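In: whatever this is, show me its structure:
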Amino acid sequence: MSAEHVRLHATVSGRVQGVGFRYSAQDVARRLGLTGWVRNLRGGQVEIVAEGRRAVVEEFERFLRQGPTAARVTAVETVWSAASGEYVSFGVKG
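Out: Numbers count the residues shown, from 1 in each chain. Take a look at the predicted model:
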């Protein structure tokens, strides 16, 4: 795997609100050393922006496709791009 830094912008659908998804995502992202944020959307989805080394962000994406135990992920839309480097930590928005 390349050590390049990338950005993942993901929208996760399914039963992903009210099940601890945002805080689980924050815990996993921080453990992996990623930066960015996670927030709930009005339509019931969860939106995530994560930056870090490609292999590590890919590992985080695998978590997003499963979610925490109480979640039921039905779809994950992803957009990959170069990392901006604008974030210094990973947090929950809103």
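
In: CA only for contacts and neighbour counts going forward, please
Out: Will do.

In: quick one: the strands in the chain?
Out: Listed in chain order, the strands of the chain (DSSP state E) span 5-15, 35-40, 46-53, 72-82, 90-92.

In: any idea which of those gets closest to Val28?
Out: strand 90-92 (9.8 Å; C-alpha to C-alpha).

In: any chance of the strands of the chain in TSV, plus mean pLDDT and mean neighbour count?
Out: As requested, the strands of the chain are exported to TSV (pLDDT from 0 to 100; neighbours: other C-alpha atoms under 10 Å):
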stretch	mean pLDDT	mean neighbour count
strand 5-15	98	20
strand 35-40	98	22
strand 46-53	98	23
strand 72-82	98	14
strand 90-92	98	18
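
In: and these as a markdown table, adding distance to Glu61?
Out: Shown next, in a markdown table, are the strands of the chain (distance: least, C-alpha to C-alpha, whole Å):
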| stretch | distance to Glu61 |
| --- | --- |
| strand 5-15 | 8 |
| strand 35-40 | 13 |
| strand 46-53 | 9 |
| strand 72-82 | 9 |
| strand 90-92 | 15 |
